[in-house]
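**Student:** Just to be clear, the model below is a prediction. Sequence and coordinates:
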Amino acid sequence: MEERILPYKNYETLINLLMDSLSPPTGNGTTVLNVIEDMQTMDRNDFARQMVRLFLGEEVIITFLDTLMIREISNTSKISCTFFNY
């Protein structure tokens, strides 16, 4: 798979939307991360790798991982199973 990297300014709007999605949702609770997750057609591992690279570059990886963890826990009906060790 070939990667094409454009100048930073081409990604600025998307990056701003992604940074905003790290704040607690307001209104209907929809964030750009929710929309991307719903529309995602590529492999989850590839997508996750790109998101980690982006948030590492913006120096907010901990906030991103915290946000993902909170979303997963809030969407889990059996929280006791969330951290179950096999």
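**Tutor:** Good, I have the coordinates. Numbers count the residues shown, from 1 in each chain.
**Student:** Surely V52 and I61 touch.
**Tutor:** Yes: look at V52 against I61 with Cβ atoms under 8 Å: they come within range, at 6.7 Å. To be clear about C-beta, it is placed using only N, CA and C from the backbone, and glycine gets the same treatment.
**Student:** Tell me which stretches of the chain form helices.
**Tutor:** For the chain, applying DSSP state H gives helices covering 8-20, 32-39, 44-57, 61-74, 79-82.
**Student:** what's in contact with the third one?
**Tutor:** It refers to helix 44-57. Contacts with helix 44-57, where a contact means Cβ atoms under 8 Å, 6 or more residues apart in numbering, come from I15, L18, I36, Q40, I61, T63, F64.
**Student:** where's Y11 relative to I62, distance?
**Tutor:** As judged by Cβ to Cβ, to the nearest Å, Y11 and I62 stand 21 Å apart.
**Student:** If you could redo that for E72, that was the one I meant.
**Tutor:** From E72 to I62 the distance is 16 Å (Cβ to Cβ).
**Student:** cool, L33 as well?
**Tutor:** 16 Å.
**Student:** Neighbour count for these two, which is higher?
**Tutor:** L33 (19 against 9; other Cβ atoms under 10 Å).
**Student:** who's in contact with the residue found closest to that one once you drop the neighbours it is linked to in the chain?
**Tutor:** Distances taken as Cβ to Cβ, 6 or more residues apart in numbering place S21 nearest to L33, at 4.4 Å, with adjacent residues excluded. Residues in contact with S21 (Cβ under 8 Å, 6+ apart) are T31, V32, L33, N34, T67.
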